[in-house]
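Peer 1: Predicted coordinates and the sequence they were generated for:
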Amino acid sequence: MTGRVCDSGQLMPVDEAIRHLLDQAPPPPSVQTIPLDQALGRVLASDIHSPLSLPCWDNSAMDGFAFRAADLPATGGSLPLAGRIAAGQQAGSPLPAQAAVRIFTGAPLPPGADTVVPQESCRVEGDRVWLPPATVGDHVRKEGEEIRQGHLLLMAGKRLRAQELGLLAGAGIAEVEVYRPLRVCLLSSGDELREPGQSLAPGQIYNSNRYCLSALLRGWGVEVHDYGVMADELAASRHALSLASSECDLLLTSGGVSVGEEDHLKRAIDELGSVDFWRLAIQPGKPLAFGEVAGKPWIGMPGNPSAALVTALVVVRPFLLRAQGVSQVMPRPVALPAGFDWLQANRRRQYLRARLVPDADGQLRVELHPQQNSAMLSAACWADGLAVVECEQQVRKHDNVQFLSFAELMH
């Protein structure tokens, strides 16, 4: 995204809001040492240097035959077989001059060997093997080719995925120092909210934000503490917030941050801490509040389901990742051609629910769902991500637009 500040009057640009949040993110939680098999999704608290070189020794990348390249004529030739080395065996004695050995993937090269030819390119003839022309180093994994002993393996602030766990295991590391999971309070505000399965009276709706936001938080690696629904009463709001601030690292609420007379949430937070109400140049969404309750950070999100989803993905996610100790917190948009016309220039940056569709040439293009209402989640269920349209911008078919993938935003 461009980061360009649009002429938005009283609206705060999205990038500015994110910068403010990141500047005020709390330090990450305390450090724990845990077994590697429990570390998926956790955030490294310290740099890790490799205790050994990877690979530990020169080894074969193929099932085939190992030899000294200088012993083979430039046009290929036949060499006597001098043994066999399987994975897990020691290389043993040095390779005799003018000889080859049968070798298997991962097996160490014998001293003196520097080249491997795959078995399908060779022909065994009794106690000899015919080898095609080869270049020194072919199909050999050199000692330290991936990383040298003592070099940086992974940096602090990295969220551990399956591939990082595999890399650490390959280096023989059994335990890692990670940050304790961030404890996040999730609260909904509104007397109109009911739980799925309950009956609805006139004017009541089901609480979709509770389930959507809770799932997002778990995907971001936090420990969710669900405090249910606050009644639209000052005393109830004050009690719920006071309890949550005593038990959690950070508070997240949905609803109750508009200008309605029944929104008592902001007043309760103001009594318990401080509140800064922002109107963001974002669509869907606009109302967002940030402050603290008894010293714990609080973010108040809009109540409309799509507005809550988009605001959480775009604005709240970087803050929560930084509060967990993650170093890389901003998503990486890709520029792709639009498969639509969007002529509705707006004072707010728009995040449109979109999916990627291949055209006749196989080129991916961005297509929009026809329904972009801030209260409806069906478009987000159809979508692969968000197409970003900047303030006061129009998009015509084949123009490049920035696309943010749900696959990245939700992790």
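Peer 2: Thanks, I have it. Numbering: from 1, shown residues only.
Peer 1: which of the residues in stretch 82-98 are buried?
Peer 2: Buried residues in stretch 82-98, counted by 16 or more other C-beta atoms under 10 Å: Ala82, Gly83, Ile85, Ala91, Leu95, Pro96. (Glycine included, C-beta is placed from N, CA and C.)
Peer 1: Hmm, which of those residues is lowest in pLDDT?
Peer 2: In terms of pLDDT, Ala91 ranks lowest among the buried residues of stretch 82-98, with 78.
Peer 1: how much space between it and Ala61?
Peer 2: Ala91 sits 15 Å away from Ala61, going by C-beta to C-beta, to the nearest Å.
Peer 1: Could you list the buried residues of the lowest-mean-pLDDT helix or strand in the chain?
Peer 2: Every helix and strand of the chain was ranked by mean pLDDT, DSSP states H and E. The lowest is helix 265-272, at a mean of 86. Buried positions in helix 265-272, judged by neighbour count with 16+ other C-beta under 10 Å: Leu265, Lys266, Ala268, Ile269, Leu272.
Peer 1: which residues touch it?
Peer 2: 189, 230, 234, 237-238, 241-242, 245, 253, 255-257, 275, 277, 289, 291, 293-294, 298, 300 (C-beta atoms under 8 Å, 6 or more residues apart in numbering).
Peer 1: Among the residues you listed, which are located in strands?
Peer 2: Residues of those located in strands (DSSP state E): Ser189, Met230, Thr253, Val275, Phe277, Ala289, Gly291, Val293, Trp298, Gly300.
Peer 1: show me what contacts the last one?
Peer 2: The contact partners of Gly300, by C-beta under 8 Å, 6+ apart, come to 253-254, 256-257, 265-266, 269, 275, 287-291.
Peer 1: And the helices in this protein?
Peer 2: 14-23, 162-170, 208-219, 234-247, 265-272, 305-311, 317-323, 378-382, 406-409 (DSSP state H).
Peer 1: related to what we said a few turns ago, mind picking the two most distant members of the ones in strands among the contacts of helix 265-272?
Peer 2: The largest separation in the ones in strands among the contacts of helix 265-272, counting by C-beta to C-beta, is between Met230 and Phe277 at 17.8 Å.
Peer 1: Compare the two (neighbour count), which wins?
Peer 2: Met230 (25 against 15; other C-beta atoms under 10 Å).
Peer 1: Just to check, that one is in contact with Leu187?
Peer 2: Yes - assessed by C-beta atoms under 8 Å, Met230 is found in contact with Leu187 at 5.7 Å.
Peer 1: Spit out the residues that contact these two alike.
Peer 2: With C-beta under 8 Å, 6+ apart, Met230 and Leu187 have common neighbours Ala240, Leu241, Thr253.
Peer 1: for these, which one is nearest Leu153?
Peer 2: Thr253 (39.7 Å).
Peer 1: Run a quick neighbour tally on the closest one.
Peer 2: Neighbour tally, Thr253, other C-beta under 10 Å: 28.
Peer 1: That one contacts Gly190, correct?
Peer 2: No - with contacts counted by C-beta under 8 Å, Thr253 stays clear of Gly190, the gap being 10.3 Å.
Peer 1: what's near enough to touch Arg68?
Peer 2: Neighbours of Arg68 in contact, by C-beta under 8 Å, 6+ apart: Leu95, Ala97, Gly112, Ala113, Asp114, Thr115.
Peer 1: In contact with the second one, which residues?
Peer 2: Think Ala97. Ala97 makes contacts with Arg68, Asp71, as judged by C-beta under 8 Å, 6+ apart.
Peer 1: let's go with 7 Å and repeat that
Peer 2: Residues in contact with Ala97, defined by C-beta atoms under 7 Å, 6 or more residues apart in numbering, are Asp71.
Peer 1: Tell me where this structure is predicted with low confidence.
Peer 2: 1-9, 258-263 (pLDDT under 70).
Peer 1: which residues does the residue nearest the centre of it contact?
Peer 2: Residue closest to the mean C-alpha point of the chain, counted by C-alpha atoms, centre = their mean, is His411 at 4.2 Å. His411 makes contacts with Gly219, as judged by C-beta under 7 Å, 6+ apart.
Peer 1: hmm, 10 Å instead?
Peer 2: Shown here is His411, whose contacts under the criterion C-beta atoms under 10 Å, 6 or more residues apart in numbering are Gly41, Arg159, Arg161, Leu216, Gly219, Trp220, Gly221, Arg317, Leu321.
Peer 1: Next: Ala244.
Peer 2: 183-187, 225, 227, 230, 250-253, 293-294, 296, 298.
Peer 1: and those residues, which two are the farthest apart?
Peer 2: Using C-beta to C-beta, the two most remote members of the contacts of Ala244 are Arg183 and Met230, lying 18.5 Å apart.
Peer 1: hang on, the earlier thing: reformat the buried residues of stretch 82-98 into TSV and put distance to Gly385 next to each item.
Peer 2: Converted to TSV, the buried residues of stretch 82-98 look like this (distance: C-beta to C-beta, whole Å):
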residue	distance to Gly385
Ala82	58
Gly83	56
Ile85	50
Ala91	51
Leu95	55
Pro96	60
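Peer 1: for these, which one is nearest Gln149?
Peer 2: Using C-beta to C-beta, those come closest to Gln149 at Ala91, 19.4 Å.
Peer 1: for the closest one, what are its contacts?
Peer 2: 57-59, 66, 83, 85, 101, 103, 107-113.
Peer 1: Name only those of these that count as buried.
Peer 2: Buried, going by 16+ other C-beta under 10 Å: 58-59, 66, 83, 85, 101, 103, 107-110, 112-113, out of the contacts of Ala91.
Peer 1: Glu16: which of these is nearest?
Peer 2: Looking across the buried ones among the contacts of Ala91 and measuring by C-beta to C-beta, the closest to Glu16 is Asn59, at 53.0 Å.
Peer 1: Quick check: beta-bridge partners of the closest one?
Peer 2: Beta-bridge partners of Asn59, counted by DSSP bridges, are Pro108, Arg141.
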